[in-house]
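A.B. asks: Quick one, fold the following:
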Amino acid sequence: MDIIKHVTCFAAVVPFAFGLLAAMANAAEPAGRWAGISPDRMLANIKTLSSDEYEGRAPASKGEELATRFIETQFKEIGLKPGNPDGTYIQNVPMVGITADPAAQLVFRSGGKHSALKFAEDFVAFTKHQEPTVSVNADMIFVGYGVVAPEYQWDDFKGVDVKGKVIVVLINDPPVPDPHDPSKLDEKTFKGKAMTYYGRWTYKFEKAAEKGAAGCLIVHQTALAGYPWDVVKTSNTGEQFDLETADKGMSRAAIEGWMTLERAKELFALAGKDFDALEKAAAHRDFHPVDLGVTASLTLKNTIRRIESKNVVAKLEGADPKVRDEYVIFTAHWDHLGIGPEVNGDKIYHGAADNASGVAGLLEWARAFTKVRPAPRRSILFLAVTGEEKGLLGSQYYAQRPLYPNARTLAEINMDGLNVLGPTKEIEIIGLGQSTLDDVVKAVAAEQGRQVKPDAEPEKGYYYRSDHFSFAKEGVPALDPESGLDYIGKPAGWGMEMRNKFTANDYHQPSDQVKPYWDLRGAVEDLQLLAEVGYRVANAKSFPSWKTGSEFKARREEALKQARQ
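C.D. replies: Okay, here's the model as predicted:
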């Protein structure tokens with residue numbers, strides 16, 4: 001069917017009408033429509049995917065072969081059609097794996113003094129350049145937060161040429177004080193406490209490449225990042241992947257990486273500078289880059305291989321021929337970190353919560369949608385993506401090379417980790433207020449007797465850290481749910497305490513395994529809620545839209561405009 005026909009039918013529609021969506025429930029409670037979602041089946045699938053046999057599910061490993069085959073087999077048994085128009089359940093994702101020799105040392109020199117940093121312990125670094133040896137020996141410049149944001153009249157570079165230099169940047173957004181209350185952050189600049197994309201490490205590396213820097217080192221701070229140095233270490237040592245590119249990665253800075261806060265302070269002391277004072281200065285618009293008078297030397301010797309990883313995709317064809325070629329996409333990432341440094345006698349990074357649980361939820365959604373009546377008018381895609389832990393690579397590949405046009409895709413709903421601790425009184429939506437999908441969530445949650453709350457930790461930038469973001473960047477309204485924190489029958493603060501314990505002890509560690517205290521009743525409620533949201537979107541008369549003020553609204557409007565031409 002002609003895409004112009006479909007784009008013109010929704011391009012001018014208004015955002016979802018809340019009352020219309022509520023009426024579409026057909027008098028069916030979400031729990032009733034989706035009663036077949038099974039906690040026992042989910043738990044069994046989580047145990048399988050996170051077992052020793054699957055070796056942590058790293059891309060291009062035995063674990064990938066087992067995981068993708070398991071998911072494909074489940075899709076077939078459920079009765080879903082191949083999601084790839086070529087008649088298969090696979091979208092191949094070409095990647096390049098680059099493994100740096102861990103014997104590398106980063107050396108800072110100033111005058112007759114020097115400081116040598118140990119790989120993994122003090123710093124991590126990698127390169128996107130597909131070359132066997134990559135070296136830098138360059139002057140270092142501190143550029144604050146490394147942000148250029150015209151809408152906030154902010155420029156950390158101030159015209160200073162950093163081409164060929166190694167820039168040092170701080171983590172997150174500039175914490176601009178509220179001019180009326182310095183104890184708070186200015187809500188009008190970088191969204192106050194909430195992180196913007198300017199605060200993400202991906203942005204900082206992108207900006208370094210744009211400016212022609214030879215290298216970019218981010219100063220890690222555990223409290224601000226939301227995860228400890230061990231997570232930085234385990235995520236960025238060993239083989240690093242990137243999507244295959246025509247320029248073989250040469251447009252990126254030669255060296256990208258992080259260093260610990262302690263070593264950063266030593267660097268500034270070597271330069272005769274006060275780290276704390278410059279960090280404070282960098283939170284103001286009048287900050288200027290600071291030449292540290294230090295050279296950084298680093299050589300990475302790389303082992304390079306090219307692989308094809310896999311997204312696994314299945315389709316439930318819509319019941320209405322008029323809108324069958326429009327789509328709602330449900331996603332989860334099947335990959336984890338594979339085999340890594342041994343911790344407490346275990347070197348398999350099992351990834352049970354992150355994200356075997358999300359895949360188990362995706363399979364339950366798929367099974368439930370094949371049984372729901374009436375069947376959804378539009379088609380539903382179930383997409384298990386690769387490479388999330390390597391930088392959202394699988395979802396990026398799909399979103400940039402979609403099997404079905406993004407202009408025909410109403411929404412994407414992502415599941416990155418289930419609620420494994422029991423029923424909650426609410427559900428969190430990361431980035432609440434971004435799109436009219438939030439209105440649908442609120443309507444369905446109310447029918448469950450639950451509330452919808454915004455991200456409890458907006459400063460950690462979770463909206464930019466999972467696969468839904470790849471779709472949002474391409475303009476597709478994308479939903480990122482998170483477990484609520486008010487657990488029924490638990491004392492106040494228990495939910496956040498458990499979340500913090502997971503982050504500190506299990507996140508990206510071998511200990512992320514199924515725990516005896518897991519209670520998947522909350523996961524069932526969340527999956528029922530989100531299935532109902534997807535179902536209503538698939539049946540609605542109009543498409544969801546980004547709300548005014550969303551950074552993704554312009555991209556969507558441009559995509560729709562191009563589709564009409």
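A.B. asks: how about the nearest residue to the residue nearest the centre of the chain, chain neighbours excluded?
C.D. replies: By Cα atoms, centre = their mean, the chain has its centre lying nearest to Ser466, at 1.6 Å. Distances taken as Cβ to Cβ, 6 or more residues apart in numbering put Asp416 closest to Ser466, at 4.4 Å, once the chain neighbours are dropped. Quick note: C-beta positions are derived from backbone N, CA and C, even for glycine.
A.B. asks: Same check on Thr503?
C.D. replies: Tyr227 (5.8 Å).
A.B. asks: Shouldn't the one you found be within a strand?
C.D. replies: No: for Tyr227, which was evaluated using DSSP: H, G, I helix; E, B strand; the rest coil, the result is coil, with no strand membership.
A.B. asks: per-residue pLDDT, it?
C.D. replies: With respect to pLDDT, Tyr227 scores 85.
A.B. asks: Counting neighbours, what do you get for it?
C.D. replies: 15 (other Cβ atoms under 10 Å).
A.B. asks: I'd say it and Asn505 touch.
C.D. replies: No: contact between Tyr227 and Asn505 fails when scored by Cβ atoms under 8 Å: they sit 11.3 Å apart.
A.B. asks: Going along the chain, name the strands of the stretch 51-200 of the chain.
C.D. replies: Shown for the stretch 51-200 of the chain, the strands assigned by DSSP state E, counting those that start in this stretch span residues 81-82, 90-100, 105-110, 113-118, 123-126, 133-142, 148-149, 154-155, 166-170, 177-178, 181-185.
A.B. asks: residues making contact with the fifth one?
C.D. replies: By Cβ atoms under 8 Å, 6 or more residues apart in numbering, the residues outside strand 123-126 that reach it are 98, 100, 104, 106, 117, 119, 215, 217, 232-233, 236-237, 240, 255-260, 263, 298, 300.
A.B. asks: Need the buried ones from the residues you listed selected in PyMOL.
C.D. replies: Buried residues within the contacts of strand 123-126, by 16 or more other Cβ atoms under 10 Å, are selected in PyMOL with:
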select buried, resi 98+100+104+106+117+119+215+217+232+233+236+237+240+255+256+257+258+259+260+263+298+300
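A.B. asks: Narrow the contacts of strand 123-126 to those in helices?
C.D. replies: Val232, Lys233, Asn236, Arg263 (DSSP state H).
A.B. asks: any idea how far Ala223 is from the closest residue to the second one other than its chain neighbours?
C.D. replies: The spatial neighbour of Lys233 that comes closest, neighbours along the chain excluded (Cβ to Cβ, 6+ apart), is Ala120 at 5.2 Å. From Ala120 over to Ala223 the distance is 21 Å, taken as Cβ to Cβ, to the nearest Å.
A.B. asks: now Ala368
C.D. replies: Ala368 is 40 Å from Ala223, by Cβ to Cβ.
A.B. asks: just the helices in the stretch 451-565 of the chain please.
C.D. replies: Taking DSSP state H, counting those that start in this stretch, the helices of the stretch 451-565 of the chain run over residues 468-473, 494-505, 521-539, 553-564.
A.B. asks: highest average neighbour count across those helices?
C.D. replies: helix 468-473 (a mean of 26; mean count of other Cβ atoms under 10 Å).
A.B. asks: For that one, which outside residues touch it?
C.D. replies: 329, 331, 392, 395-396, 398-400, 406, 409, 412-414, 434, 463, 478-480, 552, 555.
A.B. asks: what's the pLDDT at the residue sitting furthest away from the middle of the chain?
C.D. replies: Farthest-out residue of the chain from its mean C-alpha position, per Cα atoms, centre = their mean: Gly112, at 43.4 Å. For Gly112, the model assigns a pLDDT of 91.
A.B. asks: Which one's more surrounded, Ala120 and Ala223?
C.D. replies: More crowded of Ala120 and Ala223, by other Cβ under 10 Å: Ala120, with 18 against 9.
A.B. asks: for the residue nearest to Thr503, what are its contacts?
C.D. replies: Taking Cβ under 8 Å, 6+ apart as the definition, contacts of Tyr227 comprise Thr503, Tyr507, His508.
A.B. asks: Now with 10 Å, please.
C.D. replies: Applying Cβ atoms under 10 Å, 6 or more residues apart in numbering, one finds that Tyr227 lies in contact with His220, Ser235, Lys460, Thr503, Ala504, Tyr507, His508.
A.B. asks: ok, now Gly461?
C.D. replies: Residues near Gly461 by Cβ under 10 Å, 6+ apart: 171-173, 194-201, 203, 225-226, 430-431, 455, 469.
A.B. asks: next one: Gly345
C.D. replies: Shown in contact with Gly345 (Cβ under 10 Å, 6+ apart): Pro510.
A.B. asks: Next: Arg33.
C.D. replies: Ala25, Asn26, Ala368, Lys371, Val372, Arg373, Gln528, Ala531, Glu532, Tyr535.
A.B. asks: Give me the lowest-pLDDT entry from those.
C.D. replies: Out of the contacts of Arg33, that is Ala25, at 40.
A.B. asks: Tell me how many other residues crowd the closest residue to Thr424 other than its chain neighbours.
C.D. replies: Nearest residue to Thr424, sequence neighbours excluded (Cβ to Cβ, 6+ apart): Gly484, at 3.3 Å. Using other Cβ under 10 Å, Gly484 is surrounded by 25 other residues.
A.B. asks: which residues touch Gly484?
C.D. replies: 419, 421, 423-428, 445, 450-453, 456, 495, 522, 525-526.
A.B. asks: If any of the contacts of helix 468-473 are buried, put those into a PyMOL selection.
C.D. replies: A single PyMOL command is used to select the members of the contacts of helix 468-473 judged buried by 16+ other Cβ under 10 Å:
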select buried, resi 329+331+392+395+396+398+399+406+409+412+413+414+434+463+478+479+480+552+555
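A.B. asks: Strands - which of the contacts of helix 468-473 land there?
C.D. replies: Ile329, Thr331, Thr409, Glu412, Ile413, Asn414, Ala478, Leu479, Asp480 (DSSP state E).
A.B. asks: one step back: what's near enough to touch the residue farthest from the centre of the chain?
C.D. replies: Counted by Cβ under 10 Å, 6+ apart, Gly112 has zero contacts.
A.B. asks: now do Asp101
C.D. replies: Counting by Cβ under 10 Å, 6+ apart, Asp101 has contacts Phe119, Thr133, Thr299, Leu300, Lys301, Asn302, Thr303.
A.B. asks: Show me which of those residues are buried.
C.D. replies: Phe119, Thr299, Leu300, Asn302.
A.B. asks: Looks to me like the last one is in a strand.
C.D. replies: Yes: with three-state DSSP as the criterion, Asn302 is located in a strand.
A.B. asks: separation between the residue nearest to it when sequence neighbours are not counted and Ser251?
C.D. replies: Leaving aside its sequence neighbours, Asn302 sits nearest to Ile98 (Cβ to Cβ, 6+ apart; 5.1 Å). For Ile98, the distance to Ser251 equals 15 Å [Cβ to Cβ].
A.B. asks: Quick one: neighbours of Gly433, just the number.
C.D. replies: Neighbours around Gly433, by other Cβ under 10 Å: 11.
A.B. asks: phi, psi of the residue nearest to it when sequence neighbours are not counted?
C.D. replies: Ranked by Cβ to Cβ, 6+ apart and with sequence neighbours excluded, the top spatial neighbour of Gly433 is Lys547, at 6.4 Å. Backbone geometry at Lys547, expressed as degrees, to the nearest 10, gives phi -80, psi 160.
A.B. asks: Around Lys547, how many other residues sit close by?
C.D. replies: So Lys547, with other Cβ under 10 Å, has 17 neighbours.
A.B. asks: Is it in contact with Arg556, as I believe?
C.D. replies: No: Lys547 is beyond contact range of Arg556, at 11.1 Å (criterion: Cβ atoms under 10 Å).
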